[in-house]
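Visitor: Attaching a predicted model along with its sequence, questions to come.
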Amino acid sequence: MIGIAADDNHLPEAWRLAYERDRTSEVTSADPSPERRAARALAAFILTGLAFLALPGTFLGVWNLMVISEHRAATAASTAWIQAHGHAQLFGWVGSFILGISLYVLPKFQGRALKKFGMVWMIWGLWTTGVAWRWWAGIGAREWRVALVGSAVLELAAYVATQRILVFRSGGARKKPNDLGSWLGICGFGALGVALILNLGICIEVSFRASAPRFPPLWDRTFLLIALWGFAVTVAWGYSTRFVTIFLGLKPPLHQAARWLSIGVGTLVLSALARQFLLADLLALVLTVYAIWAIRIFHPSVRPPKLIGVYRLYPTFIRLAYVWLVIGAALGVAADFVPRVTGLGGASRHAITVGFIATLIFALAPRILPSFLNGRELYSTRIMAASLWLLSAGCLLRVFSEAIAYSAGGRLWSLLPLSAFLELAAVIAFVVNMAATLTQSPPAWFSAGGVNPKQPLYWYITSFPKTRPLLIEAGLKTLATRSDVPRSLSLAEAVAADGADLDRLLARLNEFFSRRQPRRAGRN
Ligand code: HEM
């Protein structure tokens, strides 16, 4: 709450009146502050996810694959390291992205503003520490027993706090959701809760009974089925009903599919818990086909796809991701029926994780995230294109060669490292592109020379914090003494209050914004 302290007698009249106006009447101008704070928190989740993707995730995955192909044996790599890699990718990368995007976007979908920023940062801290600690436990922490259990507790705590913000909100009548996206989101987050509770249970069991930080194979399979199909894939379907539908110009999804898809995902989770793996894998295949039909991914667009500012072929890669999902699900069923072909299970998982999840994120994130992050622009459409082509080539090579090499051997072993390097190059391209996008200054979506003296001072310094020192230097002396600025004080009033030169100040501001003009005109 803005107030006037005792030493504020020295404040210029215009400032005091503006504080008074703020206090006594409703301020009607839009406040950019909550949006900036939400975008900052989202950026933290995204940068964390990128860090997990690059180092603990992909580098460790490539390392594991090199060991496997050098020894020509799937068992050559350390199981604990393989699980540490899987956890870093699924929870560190995909989980951080999903949590950050959900906390940013779901309150908006629910027609309310995100307010509990302290809690959002706490979630980020708990989640990041938990996932990083879990990775450290897997790759060699001496106190791995404490680390396993501690990390699982932190992850679960972050999850509970996220649900507190997303689900248990106070006030306002709550309607039962009636759209496919919301139901898939509910099922996906429900499955994440089950996966994290199970993770805690297995971690406790392993830390008491096992000699190394690795999940027993059957529990690992149960956990992966729930985390992958119940959580990551289901949430990806949910967000597809929103973003893919809009960006590809598809007809609205078939919302009546919500009931059977939700029942199907629930049954899949229960089958995994009951270790009915064949049933779970069959369900995954059937649900994939049903979800594709409901989201209408392969239907022709009824409106032009939104292509401005991104790689123009990205809609094709989104559809390709769904092709990979069908392949991954089918390979999973094949692995159950022909267990002697040992590479099928790994090939299936790779088709789902890299072919579907990573391709979908590589194609969608550059379209969605820059605009969420204060209307930024994607750093490079060429790097986006390179990341998608390299990822697809690497994934094709890996799924094909792993399915055969692990069981039949032969020359295909030597293709595996090549696939790993192609995917590594793709990941580096994606990480560099997204990090460069996030760290560049947000553009001004108004024309150079469009600075309006009637606009509140508060708006300028909140939307573009770098204007604060510039304005102080241009003569706004009072601004230097205040951390809180009245929302109703216009730029012109602030200039007059300090006897500054309005023309000089406007010229400085216009010059500032001329350096922040977007590279492309208009929004798509
Ligand atoms: C750069 C690419 C990647 C490489 C080189 C790689 C490599 C590997 C290797 C060698 C394994 C051991 C099993 C097998 O031989 O198939 C594995 C397992 C796994 N990977 Fe990856 N991977 C990559 C990307 C990803 C991504 C993007 C995800 C998730 C989004 C992921 C999630 C997993 C999971 C969940 C497992 C199973 C872990 C377990 O058994 O508990 N991987 N990966």
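Guide: Done, it's in.

Visitor: Skipping its backbone neighbours, what lies nearest whatever residue of the stretch 301-450 of the chain ends up closest to the ligand in space?
Guide: Relative to the ligand, the nearest point of the stretch 301-450 of the chain is G346 (2.8 Å; CB to the nearest ligand atom). Every residue, glycine included, has its C-beta placed from N, CA and C. Distances taken as CB to CB, 6 or more residues apart in numbering put E402 closest to G346, at 5.2 Å, once the chain neighbours are dropped.

Visitor: now I383
Guide: N433 (4.2 Å).

Visitor: Contacts only, for that neighbour.
Guide: By CB atoms under 8 Å, 6 or more residues apart in numbering, N433 lies in contact with 366, 378-380, 383-384, 387.

Visitor: mind running it again at 10 Å?
Guide: 50, 362, 365-366, 378-384, 386-387 (CB atoms under 10 Å, 6 or more residues apart in numbering).

Visitor: Looking at those, which is nearest K115?
Guide: Top of the list for closeness to K115, among those and by CB to CB, is A365 at 25.8 Å.

Visitor: Can you tell me the element the closest one falls in?
Guide: Assigned by DSSP states H and E, A365 belongs to helix 359-372.

Visitor: In the stretch 151-300 of the chain, which residue sits closest to the ligand?
Guide: For the stretch 151-300 of the chain, CB to the nearest ligand atom, closest residue to the ligand: D220, 4.9 Å.

Visitor: who's in contact with that residue?
Guide: 79, 82-83, 86, 202, 214.

Visitor: and if you look at E35?
Guide: Per CB under 10 Å, 6+ apart, neighbours of E35: 104, 108, 113-114, 372, 374-375, 462-463.

Visitor: returning to that earlier point: dump the helix or strand where the residue of the stretch 151-300 of the chain closest to the ligand lies to PDB, restricted to CA.
Guide: Per DSSP H and E, D220 falls inside helix 217-225. Extracted C-alpha coordinates of helix 217-225, given in PDB (Å, rounded to 0.1, in the frame of the first residue of the first chain):
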ATOM      1  CA  PRO A 217      13.600 -52.600 -12.300                       C
ATOM      2  CA  LEU A 218       9.900 -53.200 -11.700                       C
ATOM      3  CA  TRP A 219       9.400 -50.100  -9.500                       C
ATOM      4  CA  ASP A 220      11.400 -48.100 -12.000                       C
ATOM      5  CA  ARG A 221       9.100 -49.300 -14.800                       C
ATOM      6  CA  THR A 222       6.000 -48.400 -12.800                       C
ATOM      7  CA  PHE A 223       7.300 -45.000 -11.900                       C
ATOM      8  CA  LEU A 224       8.300 -44.200 -15.500                       C
ATOM      9  CA  LEU A 225       5.000 -45.300 -16.900                       C
END
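
Visitor: quick one: it to chain centroid distance?
Guide: Chain-centre distance of helix 217-225: 24 Å, with CA atoms, centre = their mean, to the nearest Å.

Visitor: Packing partners of whatever helix or strand comes next after it?
Guide: Of the helices and strands lying after helix 217-225 in sequence (DSSP H and E), the nearest is helix 234-239. In terms of contacts (3 or more CB pairs under 10 Å, 6 or more residues apart in numbering; DSSP states H and E), helix 234-239 is packed against helix 96-109, helix 180-209, helix 258-273, helix 277-295, helix 314-337, helix 359-372.

Visitor: let's see 8 Å
Guide: helix 180-209 (3 or more CB pairs under 8 Å, 6 or more residues apart in numbering; DSSP states H and E).

Visitor: still on that earlier bit, what's the pLDDT at the residue of the stretch 301-450 of the chain closest to the ligand?
Guide: On pLDDT, G346 comes in at 95.

Visitor: Which positions in the protein make contact with the ligand?
Guide: Neighbours of the ligand within the chain, by CB under 6 Å from any ligand atom: 58, 61-62, 64-65, 68, 74, 82-83, 85-86, 89-90, 94, 220, 224, 346, 349-350, 353-354, 357-358, 420, 423-424, 427.

Visitor: if you set the cut-off to 5 Å instead, what comes out?
Guide: 58, 61-62, 64-65, 82-83, 86, 89, 220, 346, 353-354, 357-358, 420, 423 (CB under 5 Å from any ligand atom).

Visitor: shaky segments in the stretch 151-300 of the chain?
Guide: Counting by pLDDT under 70, the ranges of the stretch 151-300 of the chain that qualify are 169-174.

Visitor: I'd like the distance between the spatially most central residue of the chain and L344.
Guide: Of all residues in the chain, the one closest to the mean position by CA atoms, centre = their mean is F97, 1.9 Å from it. Using CB to CB, to the nearest Å, F97 is found at 28 Å from L344.

Visitor: swap in L166?
Guide: 37 Å.

Visitor: before we move on, back to that, show me what counts as buried in the helix holding D220.
Guide: 219-225 (16 or more other CB atoms under 10 Å).

Visitor: again, but for stretch 233-250
Guide: 233-245, 247-248, 250.

Visitor: Name the residues that touch stretch 109-124?
Guide: Here stretch 109-124 makes contact (CB under 8 Å, 6+ apart) with 34, 37-38, 41, 44-45, 48, 99-100, 103-104, 107-108, 158, 161-162, 164-165, 169, 172, 182, 242.

Visitor: go again using 6 Å as the cut-off
Guide: Here stretch 109-124 makes contact (CB atoms under 6 Å, 6 or more residues apart in numbering) with 34, 37-38, 41, 44, 103, 107, 158, 161-162, 165.

Visitor: do stretch 419-429 as well
Guide: Contacts for stretch 419-429 (CB under 6 Å, 6+ apart): 58, 62, 65, 383, 386-387, 390-391, 393-394, 397-398.

Visitor: how far is it from where the chain is centred?
Guide: For stretch 419-429, the distance to the chain centre is 20 Å (CA atoms, centre = their mean).

Visitor: again with stretch 151-167
Guide: Distance, centroid of stretch 151-167 to centroid of chain: 16 Å (CA atoms, centre = their mean).

Visitor: May I see the buried residues of that stretch?
Guide: 151-159, 161-162, 165-166.
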